[in-house]
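>>> would you be able to build a 3D model of this:
(one chain, ligands or ions: 1)
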Amino acid sequence: MTDWIAEEHRYLFQNYGRQPVVIERGQGTRAWDIEGNEYLDFVGGVAVNVLGHSHPAVVAAIADQAARVIHTSNLFYTTPMIELARLLVERSGLDRAFFCNSGTEAVEAAMKLARRWGYDTRGGAFEIITTTDSFHGRTMGSLSATGNQRYREPFEPLVPGFRIVPWNDLEAVRQATNDRTVAVMVEPIQGEGGVNMPAPGYLAGLRAWCDERGLLLIFDEVQTGIGRTGTFFAFEHDGVRPDIMALAKGLAGGVPIGAILARDEVAAHFVKGDHGSTFGGNPLAAAAALATVREVLAPGFLERARAASARLAERLRSLEDRYGLVTEVRGRGMLLAIGLARDCSAELVDEARRRGLLVNNVRPNAVRLMPPLTVSDDEIDRACDILEASIRALEGAGSK
Ligand SMILES: *Cc1c(COP(=O)(O)O)cnc(C)c1O
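Residues are numbered from 1 along each chain as shown. Alright, predicted model coming up:
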């Protein structure tokens, strides 16, 4: 493996902090490196692999579609994107879909649509209110919306027209609203910010404020969508429907895709030529997404995933009770994090990997778990045993 890692260091941009594993193969929750070592993969491609690695339905859909037609451009109609749009529209209660290729592109589309709507209906209002610790992507627009100084500062000046207010602070949103405000955009649960839950009533309060002031509510469900939090969309927990929603990560089971869904009255403001993507809604990606979404929407699938996530959360909470190092378990469904008493998440990730478990140090003091929704009870138990052994190794013998 060290040879490949040295080659990577030689030939690729060094913009990622990769774990020192060269993964060659995956099957469900398991992955193998090129030396044949087996891991339980609780990173799941950063909340992408909702059905685990190489799920047979996704593999078959990709192979079948690849043999038919891979790409046509949007100068023509193709059927997989139309079927996919219907499923997403029916489930979300929104009216129309637009497809692109990544999360940041979905956020860009959502923000452009909001500005277009403001241009047509709100006298050119354009400002978008977002929150601290948010993550909306890396392109200039979505970076400008992202409330993380570390990502922003080296790339200033950013796109104007954003107001970043403290997360979970409704009053701050009210205060930041003015005549130029067009939308409020949040993640229903902040993912990259450390798996931060919305305060009770926060999302409903945003909805009420947007209704009162005639603003659009945009949910960035790039990470939380497609069953990740136990319901197909995270907003279903709170019963708060946005006007525009961004999707990506889990949507096509690992194949690059992004999407926005919007209400008809809003979507209608993108007229021919306003926005587009050469690859967007490409038959290959759409077929993979269709297979993924059908699995997740199959009767019983989300119920089982919720039962599995309850088991995982319970096991993690027992660590919280028994080890001083674990201060908190937070999140929902298969998007969970354990908070740590000190900045040792990188060491915990290393300890876990040496014992055969892949997890993610989302913050210096938090480890994030994003297993596939298909993870078995046995895999959950083994992962938690490894996590416990790793925590014990870090604590010395210091259990409370
Ligand atoms: C990952 C993520 C993005 C960016 O997605 P990319 O596909 O990496 O561009 C945007 N928003 C949220 C909430 C995310 O988690």
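>>> in the protein, what residue lies closest to the ligand?
Closest residue of the chain to the ligand, C-beta to the nearest ligand atom: G103 (2.1 Å). The C-beta positions use only the backbone N, C-alpha and C, and glycine is treated the same way.
>>> and that residue, what does it touch?
136-137, 142, 220, 222-223, 246, 248-249, 258 (C-beta atoms under 8 Å, 6 or more residues apart in numbering).
>>> of those residues, closest to G93?
Minimum distance to G93 across the contacts of G103 is 15.9 Å, recorded for A246 (C-beta to C-beta).
>>> downstream of the helix or strand hosting the closest one, the next helix or strand is which one?
Per DSSP states H and E: A246 is located in strand 244-247. Downstream of strand 244-247, the next assigned helix or strand under DSSP H and E is strand 258-262.
>>> mind listing residues that contact whichever helix or strand comes after that next one?
As assigned by DSSP H and E, the chain's next helix or strand after strand 258-262 is helix 264-267. Defining contact as C-beta under 8 Å, 6+ apart, one finds that helix 264-267 is touched by 95-96, 98, 113-114, 117, 216, 243-244.
>>> mind listing what's buried along helix 264-267?
Using 16 or more other C-beta atoms under 10 Å as the test for burial, helix 264-267 gives 266-267.
>>> rounded mean pLDDT for it, please.
The pLDDT scores in helix 264-267 average 98.
>>> with just CA atoms, put it into CSV.
Taking Å, rounded to 0.1, in the frame of the first residue of the first chain, the C-alpha atoms of helix 264-267 are listed here in CSV:
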residue,chain,number,x,y,z
ASP,A,264,-44.1,24.7,-9.1
GLU,A,265,-44.5,28.5,-8.6
VAL,A,266,-40.8,28.7,-7.8
ALA,A,267,-39.5,26.2,-10.4
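>>> ok, and which of the contacts of G103 reach the ligand?
Residues of the contacts of G103 in contact with the ligand (C-beta under 6 Å from any ligand atom): 136-137, 220, 222-223, 248-249.
>>> point out the residues in the protein that sit beside the ligand.
Counting by C-beta under 6 Å from any ligand atom, the chain sits next to the ligand at 102-104, 107, 135-137, 187, 191-192, 220, 222-223, 248-249.
>>> closest one of those to Y202?
Out of those, the member with the shortest distance to Y202 (by C-beta to C-beta) is E187, at 11.5 Å.
>>> list the contacts of the residue lying closest to that closest one once chain neighbours are set aside.
Excluding the flanking residues, the one nearest E187 by C-beta to C-beta, 6 or more residues apart in numbering is D220, at 4.8 Å. Contact analysis of D220 by C-beta under 8 Å, 6+ apart lists 103, 107, 110, 134, 136, 185-187, 245-246.
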